[in-house]
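Colleague: here's my sequence, what's the structure:
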Amino acid sequence: MQKEHILKYFSKKGFTLVELMTSLSIVSVMMAVSLPGILSWIPEKQLRSASRELHDNIQYARIYAIKAGQDCYLDFNEPNTGQYTLSLNSKTLKIADLSKYNDHLQFDDPPERITFRSNGITRSNEKTEVKVTGGGKSYRTTVFVSGAIKLEEL
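Modeller: Numbers count the residues shown, from 1 in each chain. Now for the predicted structure:
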């Protein structure tokens, strides 16, 4: 009697093979539909992250120039293409590389150098733009003479 009760209890629990296969089919279809969107999102996220890092490093150069009371500058495509160097006088503070995000990211006609004076204003007499491109999209970081920095998607 007790055996019969246990069998009844366990036989009503769990999923049938048909239920499991149906659930697996539904999940597979959902993944197949969403995968292209996810794969196209990754390069865009990498471009946005690289552009954001550039913006942050330009801001850091400005703040560091004010803090140190000396000129601080960023040299583009130094030491290699797709890299930029943040320096204070002849001391290298940081080398950033776009390829750490994606090998297809690059600068689109960057300036040779952006220099911030000790008061946070640039040495340039006009605004400076740096574009990062990849996968058909671009982000532009604009550095104004006043030292203000703006990042925008193009």
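Colleague: any idea how far Leu105 is from the most centrally placed residue in the chain?
Modeller: Residue closest to the average C-alpha location in the chain (C-alpha atoms, centre = their mean): Ser49, at 1.1 Å. The span separating Ser49 from Leu105 equals 10 Å under the rule C-beta to C-beta, to the nearest Å. C-beta: built from backbone N, CA, C; applies to glycine.
Colleague: common neighbours of these two, please.
Modeller: Counting by C-beta atoms under 8 Å, 6 or more residues apart in numbering, Ser49 and Leu105 have no contacts in common.
Colleague: circling back to that earlier point, contact partners for the closest residue to the residue nearest to the centre of the chain other than its chain neighbours?
Modeller: The spatially closest residue to Ser49, leaving aside those adjacent along the chain, is Tyr101, at 5.7 Å (C-beta to C-beta, 6 or more residues apart in numbering). The contact partners of Tyr101, by C-beta under 8 Å, 6+ apart, come to 46-47, 49-50.
Colleague: PyMOL command to pick out the buried ones of those?
Modeller: This is how PyMOL selects the buried members of the contacts of Tyr101, with burial counted by 16 or more other C-beta atoms under 10 Å:
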select buried, resi 46+47+50
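Colleague: need the contacts of Tyr101 in JSON lines (columns: distance to Pro111).
Modeller: JSON lines is the format used below for the contacts of Tyr101 (distance: C-beta to C-beta, whole Å):
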{"residue": "Gln46", "distance to Pro111": "23"}
{"residue": "Leu47", "distance to Pro111": "20"}
{"residue": "Ser49", "distance to Pro111": "22"}
{"residue": "Ala50", "distance to Pro111": "17"}
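Colleague: need the max-distance pair from the contacts of Tyr101.
Modeller: Maximum pairwise distance among the contacts of Tyr101 (C-beta to C-beta): 7.3 Å, between Leu47 and Ser49.
Colleague: run through who's touching stretch 123-135.
Modeller: Taking C-beta under 8 Å, 6+ apart as the rule, stretch 123-135 contacts 43-44, 46-47, 50-51, 54, 58, 71, 76, 98, 102, 104-111, 114-117, 122, 138-145, 154.
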